[in-house]
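J.: Mind looking at a prediction? Sequence and model below.
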Amino acid sequence: MKIGLTYTGFEHKHKNYVNWLKCSDNHRDNDIEVIRLSVEENNADLLNDCDGLLLSGGVDSDPIFYNGSKEYPNKPEEGWNTKRDLFEMSLYKSAIEKNIPVLAVCRGMQLVNVLQGGTLTQDLGHLNTRHKAVEETDKEHGITIEKNSLLEDIVKVQTGKINSAHHQCIEELGDGLMINCIAEDGTIEGTEWKEKSGKPFLLCVQWHPERMYKFHLQDTPLSKNIRNRFIEEIKKSMFAK
């Protein structure tokens, strides 16, 4: 099994995803190969050999893609990586066309929403005290999960605690998507297909399940079950080919 993982731009963050994907019940799954997909290496063609795609977190998407302002609080000091946006947009579109399961995390979730025609709240303002990481220390807060959603089917709970490291969120929901969970303050924390029939697996979460171990929450269903279900969906997709 090969999983394409977009590169966050930081090696230690990339390793968190790799370790999370390859960790199964406290042992390393050597049957899973994680393929680094990065705009710097210009290797989008490697997705052709992949069985799943994980869109990782990272810098804000360029506002040009959702008619946003170039001036807003907490915008990236180094500017936007528009080339990365375009690179990952092509990966997402290709994955959907090829019926490859997709998991989108944080920035990845926001990028999917934009690609589906949605918009973003560019900064959460006073809500950053609950959602925005301080340097590399995540925040923690609760979520409520939508009944009868794919997410509920995966995690088997209606509420839970998650980590948080974002200052943007979904504003207008993209076409074809539904909200599957919200934070205590109403911030959208997850999305999925509204009509799932005939579409590949898609789960988008605003938190970082790959590094919930920092909160000693690696065994929470909001991390472990998501990883396991993603792997299961990839296997199902492989057998269906």
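T.: Now that the structure is in, tell me what you want to look at.
J.: quick one: the helices in the chain?
T.: All helices of the chain, identified by DSSP state H, fall at 11-22, 82-97, 107-115, 128-131, 150-155, 224-240.
J.: right, and these - which one's nearest residue 35?
T.: Residue 35 sits nearest to helix 11-22 of all the helices of the chain, at 10.2 Å, using Cβ to Cβ. Every C-beta, even on glycine, is put in place using the N, C-alpha and C of the backbone.
J.: Now that closest one: buried residues?
T.: For helix 11-22, a neighbour-count test (16 or more other Cβ atoms under 10 Å) marks 13-14, 16-18, 20-22 as buried.
J.: Include pLDDT and distance to residue 199 when you put those residues into a markdown table, please.
T.: Shown next, in a markdown table, are the buried residues of helix 11-22 (pLDDT from 0 to 100; distance: Cβ to Cβ, whole Å):
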| residue | pLDDT | distance to residue 199 |
| --- | --- | --- |
| 13 | 95 | 29 |
| 14 | 96 | 28 |
| 16 | 95 | 28 |
| 17 | 97 | 24 |
| 18 | 96 | 27 |
| 20 | 95 | 25 |
| 21 | 96 | 22 |
| 22 | 93 | 27 |
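J.: of all the residues you listed, which comes closest to residue 121?
T.: Closest to residue 121, out of all of the buried residues of helix 11-22 and judged by Cβ to Cβ, is residue 13, at 23.5 Å.
J.: Centroid-nearest residue for the protein?
T.: residue 105 (1.4 Å; Cα atoms, centre = their mean).
J.: so what's it up against?
T.: By Cβ atoms under 8 Å, 6 or more residues apart in numbering, the residues touching residue 105 are 17, 54-57, 204-205, 207-210.
J.: These: which two are farthest apart?
T.: 17 and 204 (15.2 Å).
J.: Got phi/psi on the residue lying closest to residue 174 once chain neighbours are set aside?
T.: Spatially, and ignoring its direct neighbours in sequence, residue 174 is nearest to residue 116 (2.7 Å; Cβ to Cβ, 6 or more residues apart in numbering). In terms of degrees, to the nearest 10, the main-chain angles of residue 116 are phi -90, psi 10.
J.: Make sure residue 116 is actually in contact with residue 172.
T.: No. Judged on Cβ atoms under 8 Å, residue 116 makes no contact with residue 172 at a distance of 10.2 Å.
J.: Counting neighbours, go ahead and name the busier of the two.
T.: residue 116 (17 against 12; other Cβ atoms under 10 Å).
J.: list the contacts for the more buried one?
T.: Residue 116 touches 174-177, counting by Cβ under 8 Å, 6+ apart.
J.: Neighbour-wise, give me the winner out of those residues.
T.: Neighbour-wise, the contacts of residue 116 (other Cβ under 10 Å) top out at residue 177, 21 neighbours.
J.: was I right about residue 104 contacting residue 202?
T.: Yes. Counting by Cβ under 8 Å, residue 202 is a contact partner of residue 104 at 7.5 Å.
J.: Wait, residue 80 touches residue 65, no?
T.: No. Using Cβ under 8 Å, residue 80 is not in contact with residue 65, being 9.6 Å away.
J.: all strands for this protein, in order.
T.: Assigned by DSSP state E, the chain shows strands spanning 2-6, 23-24, 27-28, 33-37, 52-55, 102-105, 120-121, 139-145, 159-164, 169-170, 177-183, 188-193, 202-205.
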